[in-house]
Every structure is written in C-alpha cells, then in structure tokens.
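Trainee: Got a sequence here, can you model it:
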Amino acid sequence: MHNATLVLCAGNLLLIAALPRFFFQPGRLNAAWWATAAPFGAAGLAVLAAAAGFIRLPAIAAGGPGWLSTAAVLPAAASIGLIGYTLGTHARPVSLWHQQSDTPAALVTRGAYKRLRHPFYAAFVLALLACLAAVPHALTAAALGYGTFQLYRTAKREERRLLSAFGEEYDEYMRRTGRFFPRL
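Mentor: Numbers count the residues shown, from 1 in each chain. Below you'll find the model as predicted:
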C-alpha cells in the first residue's frame, strides 16, 4: 500500500481523536464514549501496523498505488472535508457525545446539517471506510462494522432526545434530511 495513503488515513484518525480536545464541550469520557471511540483506535493501530510491516496486506493491496489507494483517498479526503465543513457550521462547541446534557439549546439545520442530521458521524464512518480500503484486514473490517453500529446507536439516541426537545420542528427536519447520507 502506498505510504502516502496510510499517512492520510492516520491523519484523518488523528483529527477525529483531537476533536474532543479542541472542539467539543468538556464532558466525561464515560464507558459509552469509549465503546464508540474504540474502533477508531483499532483502525489506527491497523494502519500503523501496516505501515510498519506488521500486517501483511493481500497482494491486491500490497503492490503500491493502485485502485485500493485511490479507493482509500476518496473517503479519507471526504471525511476531512466534511469535518471541516461541520466545524465551520457551528458558532460554538457542541456537547461531547454520550453526555446526559448533550441536547443543544437550538436546532442547527444550516451548513453541513442542511443535508445530513449527523455530519460528524458520517465523516467518522468515511474515515473507517478509508482505513478498510487502505488496509484490507479483519481488524479494519471489524472497526468499520462495529464503529458504524455504535454511531448508528448514538445517532438514534440523540434523535430521540432532539425529538423530545424540539418536537415537530425536528420531526420535519428528519423527514427532509438523511441521517448519514443526503436524501435526494
């Protein structure tokens, strides 16, 4: 696998890991938070292990830049771009996920939220997908599967809270906006 692709994937994961430090409001890193964060650590370890030669990649991926490198670059770049766009949408930091008080004071439906209800989570899934393309291994496949499952559960829980807080306004927003993928 092309080392530049591995660096891009690792940088994407580092950006995600840094978000709680520089963007999200302070909160407890509780068990639910760690359960959701774990697949990103696993994917990062797989990327580092592949770069160091500890994970032997299949012949289809080990030959250098090719279609798998390109397949990894696209979702990694989209993830980084979507994280930046989502950060720019917010006037102030948002609650750290899995907090009891993570319901926002106002509903945000502009910027990245105009088409996606959970643009950060969509970006996180794209990052895991990029890692799987860069390092086609059971560890990255498990990270993608488990990470997507955990983010889906977190999104559903947040949506219940937002429906309770914003009622019909949020219900209408849900009908016209996709959870992780834009609605046509």
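Trainee: any idea whether residue 26 is helix, strand or coil?
Mentor: Classification of residue 26 using DSSP: H, G, I helix; E, B strand; the rest coil returns coil.
Trainee: tally of neighbours for it?
Mentor: 10 (other Cβ atoms under 10 Å). (Each C-beta comes from the backbone N, C-alpha and C, glycine too.)
Trainee: count of residues packed around residue 125?
Mentor: Neighbours of residue 125 using other Cβ under 10 Å come to 19.
Trainee: In terms of pLDDT, where does it sit?
Mentor: According to the prediction, residue 125 has pLDDT 98.
Trainee: wait, what's in contact with it?
Mentor: 144, 147, 148, 151, 180 (Cβ atoms under 8 Å, 6 or more residues apart in numbering).
Trainee: repeat that with 10 Å
Mentor: Each residue near residue 125 by Cβ atoms under 10 Å, 6 or more residues apart in numbering is listed here: 75, 79, 118, 144, 147, 148, 151, 152, 180, 181.
Trainee: Show me which of those residues is closest to residue 133.
Mentor: Of all the contacts of residue 125, residue 75 has the smallest distance to residue 133: 7.0 Å, by Cβ to Cβ.
Trainee: that older thread, of the contacts of residue 125, which is the most crowded?
Mentor: Busiest of the contacts of residue 125 [other Cβ under 10 Å] is residue 79, holding 26 neighbours.
Trainee: ok now the longest helix seen in the chain, how far from the chain's centre?
Mentor: Longest helix in the chain, counting residues (DSSP state H): helix 138-166. Distance, stretch centre to chain centre, for helix 138-166: 10 Å (Cα atoms, centre = their mean, to the nearest Å).
Trainee: The helix or strand just after that helix versus helix 138-166: what angle between them?
Mentor: Using DSSP states H and E, the next helix or strand after helix 138-166 towards the C-terminus is helix 168-176. Between helix 168-176 and helix 138-166, the angle comes out at 140 degrees (axes from the mean of the first three to the mean of the last three Cα atoms, to 10 degrees).
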